[in-house]
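Chemist: predicted model, plus sequence, below.
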Amino acid sequence: MNSFLIHIRKGWSTAFSILAVIILIYSCNACSSSDDNPSPEPEPTNNVTPINELYKDLNFTAIAAHRCYFRKSPENSMAAINDALDLGVEFLETDTQTTADGVVILFHDTTVDRMTNGSGLIANMNFGNLSNLKLKNNRNGGVLTEETIPTLEQALLKIKGKDIYMHIEVKDKNFSEVVKVIKKVSMEGQVVVFADTRDDYDTLDTFVGIFIDPVCRNTDQFNFYLNRTNTPLLNLAGTQFNANNTQSAKDNNKLTWRGITNKDEDIELISGATSTPKLNALIAIDPTIIHTDYADLLIPYLKSKGKR
């Protein structure tokens with residue numbers, strides 16, 4: 001009996017020894033594998049207040065930088081986004097096109113001719129070819145830079161979790177591809193998509209969870225969009241930009257957008273004039289967001305008016 005127990009104990013001892021060797025080998029392989037294939041960087045989390053709740057927090061005039069703020073860097077570039085982040089604007093206004101192989105990029109024009117050292121229609125080009133092009137800085141005499149064309153996904157991930165929002169104008173009307181990217185990176189609450197027409201709105205309305213910025217060009221349009229839950233932001237055009245509408249929008253928990261790019265108000269900003277009647281009149285109407293080419297000049301102006 002004692003001999004039998006001794007035999008059993010020896011058997012268990014041998015088994016445990018073999019198990020220990022196996023665990024040691026596995027651990028070493030796991031360490032080696034981990035060193036050879038480091039884990040990817042974790043995707044940033046998104047704790048930013050969703051656009052549809054901004055009315056609760058914005059008690060000043062927000063600024064949207066045109067084409068991602070291209071005063072110093074090429075328009076719609078990653079450098080322009082970094083500049084906007086450094087400046088401290090609340091919105092990036094940008095444009096998208098879709099390549100022949102279905103990649104959504106930040107780009108205003110249908111061709112690359114004006115903004116890059118290449119030529120051709122974006123819709124006919126694959127992203128692999130486009131990614132080799134260099135962007136021009138057209139605010140600096142068209143100087144060629146080392147900046148390349150960013151994808152929408154790259155741009156969104158750059159701002160994810162930061163206190164800044166993206167306003168997208170889908171130039172080629174390829175809304176479905178843009179929506180796919182927004183949903184892929186889980187940024188529905190930090191993005192609003194521009195709807196220039198009722199047809200644009202109706203298309204975007206089919207995508208659940210996407211926020212829309214529709215243009216209001218007449219009273220019927222304003223009243224229609226005022227009651228839509230997916231329009232946290234109303235783009236007031238022409239005569240629809242008035243104090244009654246901005247107040248009605250606020251009463252209905254909506255933000256209001258007013259663009260001044262290439263208009264008298266932007267011209268007043270860069271003129272250095274001490275008298276700014278157009279800007280003063282605009283401020284009196286009290287839009288929530290002003291869309292400008294000159295965010296760096298508008299910030300101190302709004303501060304001087306007690307609006308920031």
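Modeler: Looks like it arrived, so ask away.

Chemist: please enumerate the helices of this protein.
Modeler: In the chain, the helices defined using DSSP state H lie at 2-36, 78-87, 127-130, 152-159, 175-184, 198-204, 219-226, 243-251, 264-271, 277-285, 295-304.

Chemist: between these, which one is closest to residue 141.
Modeler: Judged by CB to CB, the one of the helices of the chain that comes nearest to residue 141 is helix 78-87, at 16.6 Å. Glycine gets a C-beta too; all of them are placed from N, C-alpha and C.

Chemist: where does the prediction get shaky in the protein?
Modeler: Residue ranges of the chain with pLDDT under 70: 1-43, 273.

Chemist: can I see the domain layout of it?
Modeler: 1-39, 51-304 (automatic domain parsing).

Chemist: ok, which of those domains comes nearest residue 45?
Modeler: domain 51-304 (5.6 Å).

Chemist: circling back to that earlier point, deepest of the domains of the chain, which one?
Modeler: Ranked by mean neighbour count under mean count of other CB atoms under 10 Å, the domains of the chain are led by domain 51-304, which reaches a mean of 18.

Chemist: and that one, how far out from the chain middle?
Modeler: Computed by CA atoms, centre = their mean, to the nearest Å, the chain-centroid distance of domain 51-304 equals 8 Å.

Chemist: what distance separates the start and the end of that domain?
Modeler: End-to-end span of domain 51-304 (CA to CA, to the nearest Å): 26 Å.

Chemist: hang on, the earlier thing: for the helices of the chain, which one sits closest to residue 48?
Modeler: That would be helix 152-159 among the helices of the chain, by CB to CB, at 8.8 Å.

Chemist: residues contacting the closest one, please?
Modeler: By CB atoms under 8 Å, 6 or more residues apart in numbering, the residues outside helix 152-159 that reach it are 43-44, 68, 78, 81-82, 85, 92, 94, 96, 104-106, 165-166, 168, 178, 181-182, 184-185, 187, 190-191.

Chemist: repeat the analysis, applying 7 Å as the threshold.
Modeler: 44, 78, 81, 92, 96, 104-106, 166, 178, 181, 184-185, 187 (CB atoms under 7 Å, 6 or more residues apart in numbering).

Chemist: likewise stretch 76-94?
Modeler: 62-70, 72-74, 95, 106-108, 135, 147, 150, 154-155, 158-159, 162, 164-168, 289, 291, 295-296.

Chemist: next step: those residues restricted to strands.
Modeler: 62-65, 95, 106, 165-168, 289, 291 (DSSP state E).

Chemist: determine which two of those residues are furthest apart.
Modeler: 62 and 106 (20.9 Å).

Chemist: would you turn the helices of the chain into TSV with distance to residue 117?
Modeler: Formatted as TSV, the helices of the chain follow (distance: least, CB to CB, whole Å):
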stretch	distance to residue 117
helix 2-36	38
helix 78-87	16
helix 127-130	12
helix 152-159	20
helix 175-184	26
helix 198-204	33
helix 219-226	42
helix 243-251	44
helix 264-271	29
helix 277-285	38
helix 295-304	27
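
Chemist: and those helices: which comes nearest residue 257?
Modeler: Using CB to CB, the nearest of the helices of the chain to residue 257 is helix 243-251, at 9.8 Å.

Chemist: so residue 95 touches residue 169, yeah?
Modeler: Yes - using CB atoms under 7 Å, residue 95 is in contact with residue 169, at 4.9 Å.

Chemist: got a list of what the residue nearest the centre of the chain touches?
Modeler: With distances taken as CA atoms, centre = their mean, residue 166 lies nearest the centre of the chain, 3.1 Å away. Going by CB under 7 Å, 6+ apart, residue 166 touches 92, 94, 156, 159, 190-191.
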